[in-house]
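# Model the following, please.
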Amino acid sequence: MFDNTLDISEGDLIDRPLPNGKAERYDIIEVNYTTEFHGIPGHVDMTVRKQGSLVPFQKSRVVNNISINNSQGFQIGDHNTQNIVDAFKQVIERIENSPGTPEEKAEAKSRLSHFLKHPLTSAVIGKAVEGAIGLLKP
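Residues are numbered from 1 along each chain as shown. Now for the predicted structure:
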């Protein structure tokens, strides 16, 4: 919620009004406050559980143990992140293979780098930004 003035904490309840006049009630499990950052408004992240839910609440805790020997061309992790990095790699390759002058290509890559380093871009696409920026380095 983009309202960092909310006075809420773990153990509180939230009622969500429904169009039929009823309401859903949620238990607040965890609350994290984030302050404004480069124009991104301050906000509250909440982990909630719907009261009466038949699915037991379990906080996700994933541990991956991976051992790879003598291999190449594999991917581990979030396919979406890899797809974003691959998309920027294709853009950079197309810039390099374009008929533009070296100066135009350098300017295009500089603008792309500037876009990727913007805090809002980082907030939207996350860690993938680091991989994409790495592609722009000589």
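# For E96, which non-adjacent residue is closest in space?
K105 (6.4 Å; C-beta to C-beta, 6 or more residues apart in numbering). No exception for glycine: its C-beta is placed from N, CA and C like everyone else's.
# no, scratch that, I was asking about F37
Per C-beta to C-beta, 6+ apart, closest to F37 is P119, 6.4 Å.
# check contacts around that neighbour.
By C-beta atoms under 8 Å, 6 or more residues apart in numbering, the contact list for P119 reads 37-40.
# What helices and strands are in contact with the host helix or strand of the residue nearest to E96?
Following DSSP states H and E, one finds K105 within helix 102-117. Packing partners of helix 102-117 (3 or more C-beta pairs under 8 Å, 6 or more residues apart in numbering; DSSP states H and E): helix 79-96, helix 128-136.
# can you tell me which of those the model trusts least?
When the helices and strands packed on helix 102-117 are ranked by mean pLDDT, helix 128-136 comes last with a mean of 65.
# Check whether D7 sits in a helix, strand or coil.
Classification of D7 by DSSP: H, G, I helix; E, B strand; the rest coil places it in coil.
# Go ahead and confirm H43 touches L6.
No. When contacts are counted by C-beta atoms under 8 Å, H43 is not listed as touching L6 (9.4 Å).
# How about the backbone phi and psi for V31?
Dihedral angles of V31 (phi, psi; degrees, to the nearest 10) stand at phi -130, psi 130.
# what's the neighbour count on it?
Neighbourhood size, V31 [other C-beta atoms under 10 Å]: 16.
# Would you confirm that it contacts M46?
Yes. V31 is in contact with M46 according to C-beta under 8 Å; the separation is 5.5 Å.
# hey, what's in contact with both of those two?
In terms of C-beta under 8 Å, 6+ apart, V31 and M46 are both contacted by the residues I8.
# Sketch out the low-pLDDT regions of this protein for me.
4, 56-83, 123-135, 137-138 (pLDDT under 70).
# Go again with 50.
For the chain, the stretches with pLDDT under 50 are 79.
# No further queries at this time; thank you.
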